[in-house]
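[1] could you work out the structure for the sequence below:
(one chain, ligands or ions: 1)
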Amino acid sequence: MKLLDNKVAVITGAARGIGEAIAVKFAEQGASIAFTYVSDSSAEKAAALVEKLTGFGVKAKAYQSNAADFAQSETFIAEVLKEFGAIDVCVNNAGISKDNLLLRMTEQQWDDVIDTNLKSVFNITKQVIKPMMKAKSGSIINMSSIIGIRGNAGQSSYAASKAGIIGFTKSIAAELGSRNIRCNAIAPGFIETDMTHYLQDGAGAADFLKKIPLGRFGKGEEIANTSLFLASDLSTYITGQVISACGGLNI
Ligand code: NAI
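    Okay, here's the model as predicted:
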């Protein structure tokens, strides 16, 4: 018996990085996976991931859908329900950063980050709670960030979006706990993915490492393991919480 046998999981932005690691981990544990990617250039990667996931003996399908767009999110979830029949787990993982000091930040940069990171969580969660309420069961996992807890110079839009996710998570946990729907957030620290590749080498990286008690950057798989815990019945009494997976990062 695997931890996610017979479960269906939806994951946004899973063609690479942390989302991809979560998709692989969940499929290994028996879940069928419906995931999104956003740009045409990710179509090949998405198709390769579908092949990898089905190799675990589960059903998997990739959907091109912009999580920041309400109508596209509505269509995506409707199509998943038609194809998979249920949604047990939802991971709101899609995210971007457009870092800039506030003095230089444009309105467009602000809006892009808030729409992709925060509005997307509203867009998708609003759709998945309907089947979850019917099933009287569900686990929603929102990808926040340690930056959403602590803030960081040059990252005001990103920090605001990720802090917003935490408030949303706690509110949804309070609204839907009575329906046995859990909603939690993960606050990763510095994880080695494309999003952080420009920070992974050089003097900046060495400085950053000094602030991490575990002395290294995290791996996507480590966030996937935290996600697996929150998705599975190992965490049935946990809701409205933020789990920091950051190596003890202190900024
Ligand atoms: P990444 O850039 O490798 O992956 C992000 C994924 O989201 C990509 O596949 C991208 O295509 C997708 N995406 C972007 N906009 C989208 C949209 N509008 N609709 C659907 N998908 C969209 O980054 P990474 O590191 O894998 O990040 C995953 C999540 O983890 C993000 O929410 C990020 O903010 C969060 N996070 C990452 C940390 C890190 O150090 N890498 C630290 C803390 C949080």
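[2] look at residue 122 and report its pLDDT.
    As predicted, residue 122 sits at a pLDDT of 99.
[3] who's in contact with the residue nearest to residue 80 when sequence neighbours are not counted?
    Closest residue in space to residue 80, ignoring its immediate chain neighbours: residue 34 at 4.4 Å, by CB to CB, 6 or more residues apart in numbering. C-beta: built from backbone N, CA, C; applies to glycine. By CB atoms under 8 Å, 6 or more residues apart in numbering, residue 34 lies in contact with 8, 9, 10, 11, 60, 61, 63, 80, 83, 84, 87.
[4] taking the residues you listed, please make a ChimeraX selection of just the buried ones.
    A single ChimeraX command selects the buried members of the contacts of residue 34 (16 or more other CB atoms under 10 Å):
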select :8,9,10,11,60,61,63,80,84,87
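[5] returning to what we had before: and the residue nearest to residue 80, that one's in a strand?
    Yes. With DSSP: H, G, I helix; E, B strand; the rest coil as the criterion, residue 34 is part of a strand.
[6] spatially nearest residue to residue 45 (excluding sequence neighbours)?
    Residue 45 sits nearest to residue 15 (CB to CB, 6+ apart), 4.6 Å away.
[7] element containing the one you found?
    Using DSSP states H and E, residue 15 sits in no helix or strand.
[8] I figured it hits residue 40, correct?
    No. Residue 15 lies out of contact with residue 40 (CB atoms under 8 Å); the separation is 11.4 Å.
[9] the more surrounded of the two?
    residue 15 (23 against 8; other CB atoms under 10 Å).
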